[in-house]
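Novice: let's see this in three dimensions:
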Amino acid sequence: MTATSWWDGILVAPGLLAPLLLLRQWAPDGLPQGSMVVVVLAAASWAVSAVLGGSPLGVFALSLAGAMVLTRLPHHRVLAILGFCAASAALGAMVFITRPFTPLTGAKYLLIPAATTLFICIVMALVERYSEILLAVERAKQTEAELAVARERIRFASDLHDIQGHTLHVIKLKAALAKQLTDSDPVAAQHELDEVQHLIADTIARTHDLVHAQRRLNVAAEAENAKNLLEAAGIAVTIATINPVGGSDSALLAQVLRETTTNILRHSSSTRTTITIDTHRIAIVNDGADQGPLPPLGGLGTLRRRLEESGGSLDLARESGSFRTTATVPTPAPVTSTREHDR
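Specialist: All right, here's what the predicted structure looks like:
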C-alpha cells in the first residue's frame, strides 16, 4: 500500500520476511540463531530502499529486527536503543545521494524512521518485560510445586519414622526382656514374644495405611500406648485429661506425644512422667532429665516446624531435673450464628 513502485515492494519484501523468520524462532530466553544476520539484511534493505527513494516505512523491518535484539541486551539497553534510532535515521539519510535535501524529504527519511524505530523498541521492551513477568510466575509455580512435593516427602518420612522408629524401640525392649525371662519364666517370655509379633503385624498394617494416606493418630489412644510402654520400662505414668482433643488437631499432638515418649525412653533416666491433655494442648513432664543446655532437636524439631506452620507452638523447658514438653495447636475462631450477626 505504501510502495512507490513495483521495485520498491520487491526491495521491502525481503526485509519484512527476515524478522518474521526471527519471530518464528523466538523463545523466552536468549536470541535465535541468525539474529544479527537478520538485522544486517533488514538494514541493507532499508538502505537500498532509501537510496532509490522508496517508501520510508521500509525502515519497519529494521526497527522490528533491531528491537528484538536490543531489548535483550544485558546492559545499556537505553543507550543502545537511542543509538539504533540514530543509525536508522543515518541509513535513511542515504536518500540524499539521489535526491536534494528538502524539509519534507528530511522528515520522511530522518524523523519518521527514527520515531518509528523508537516506538517499536518501546513496544518490544514492554512486551519483553511482560514476558519476563510471565516467565517468573511460571518458574514460581514450578518452584512451589517442587517445594510442595519436598514438604510431602518430609512429612511422609517423619510419619514413617514415628511409626517404625517408635515400634522398633519397643520391640527391642520386649525382645531383651523375653531373653531375660527365657530361663526363669518361659510363659512370660512367650507372652513378650507374642506381643513382639503383634507389634510387627501392627507396624506393617500402619505402614500400609500411611502409604494409602489412611493413617490418623489419636491423642487418647497414643496416651494409652505411651502409658503401657513407659510402665513396661518401670516408669510411673499419670494421665490427666482436662478436655479431650479431637478433630484435625489430634494427629499432630499425638505425634508430639509419641516422639516425646521415645525420647524419654532413649535419653533420660526417668522414674515418673505426667501427661496432661487439654482441648488444644498437651504437656508431658518427666523427671530424670540431664543437666545442661537443651539437646539438639530431631523429630521434635520437625514437629515444631509443622506446628508453627499451622499457627501452633512447641515449647521445651528443663528445670530442677524435670523436662517439660508442651505442644499447642491454634484455637479455632468462634462461629457467629446468622441471628447473632443480624443483631
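Novice: show me the shaky parts of the stretch 1-150 of the chain.
Specialist: Applying pLDDT under 70 to the stretch 1-150 of the chain flags the ranges 1-4, 28, 145, 148-149.
Novice: please, where are all the helices along it?
Specialist: 6-24, 35-51, 59-70, 77-92, 103-106, 112-160 (DSSP state H, counting those that start in this stretch).
Novice: present those as CSV; the columns should include mean neighbour count and distance to Glu222.
Specialist: Any C-beta I mention is one placed from the backbone N, CA and C, and that applies to glycine too. CSV is the format used below for the helices of the stretch 1-150 of the chain (neighbours: other CB atoms under 10 Å; distance: least, CB to CB, whole Å):
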stretch, mean neighbour count, distance to Glu222
helix 6-24, 16, 63
helix 35-51, 21, 65
helix 59-70, 25, 64
helix 77-92, 18, 62
helix 103-106, 12, 88
helix 112-160, 14, 13
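Novice: those: which one's closest to Thr273?
Specialist: Shortest separation from Thr273 across these is recorded for helix 112-160, at 23.0 Å, computed as CB to CB.
Novice: any idea how far that closest one is from the chain center?
Specialist: With CA atoms, centre = their mean, to the nearest Å as the basis, helix 112-160 stands 14 Å off its chain's centre.
Novice: same question, stretch 158-167
Specialist: From the chain centre to the centre of stretch 158-167 is a distance of 26 Å (CA atoms, centre = their mean).
Novice: ok, now stretch 12-24?
Specialist: With CA atoms, centre = their mean, you get 41 Å for stretch 12-24.
Novice: state the mean pLDDT of stretch 293-306.
Specialist: Throughout stretch 293-306, pLDDT has a mean value of 78.
Novice: how far does that stretch stretch from start to finish?
Specialist: Terminal residues of stretch 293-306 lie 23 Å apart, using CA to CA, to the nearest Å.
Novice: show residues contacting that stretch.
Specialist: Stretch 293-306 has contacts (CB atoms under 8 Å, 6 or more residues apart in numbering) with 154-155, 158, 161-162, 165, 252, 255-256, 259-260, 262-263, 267, 313-314, 316, 318, 325, 327.
Novice: let's see which of these end up in strands.
Specialist: Among those, DSSP state E puts 313-314, 316, 318, 325, 327 in strands.
Novice: adding neighbour count, write those residues out as a markdown table.
Specialist: Below are the ones in strands among the contacts of stretch 293-306 laid out as a markdown table (neighbours: other CB atoms under 10 Å):
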| residue | neighbour count |
| --- | --- |
| Ser313 | 14 |
| Leu314 | 21 |
| Leu316 | 15 |
| Arg318 | 15 |
| Thr325 | 23 |
| Ala327 | 27 |
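Novice: and the residues you listed, which is closest to Val95?
Specialist: Taking CB to CB as the measure, Val95 lies nearest Ser313 of these, at 77.5 Å.
Novice: residue contacts, that closest one?
Specialist: For Ser313, the contact set (CB under 8 Å, 6+ apart) comprises 304, 307, 326-328.
Novice: beta partners for it?
Specialist: Thr328 (DSSP bridges).
Novice: confidence score at it?
Specialist: Note for Ser313: predicted pLDDT of 91.
Novice: distance-wise, check it relative to Glu319.
Specialist: Taking CB to CB, to the nearest Å as the measure, Ser313 falls 18 Å from Glu319.
Novice: list the contacts of stretch 111-119.
Specialist: Applying CB under 8 Å, 6+ apart, the external contacts of stretch 111-119 come out as 46, 56-57, 59-60, 62-63, 66-67, 81-82, 84-86, 88-89, 91-92.
Novice: swap in 7 Å and give it another go.
Specialist: 56, 59-60, 63, 66, 84-86, 88-89, 92 (CB atoms under 7 Å, 6 or more residues apart in numbering).
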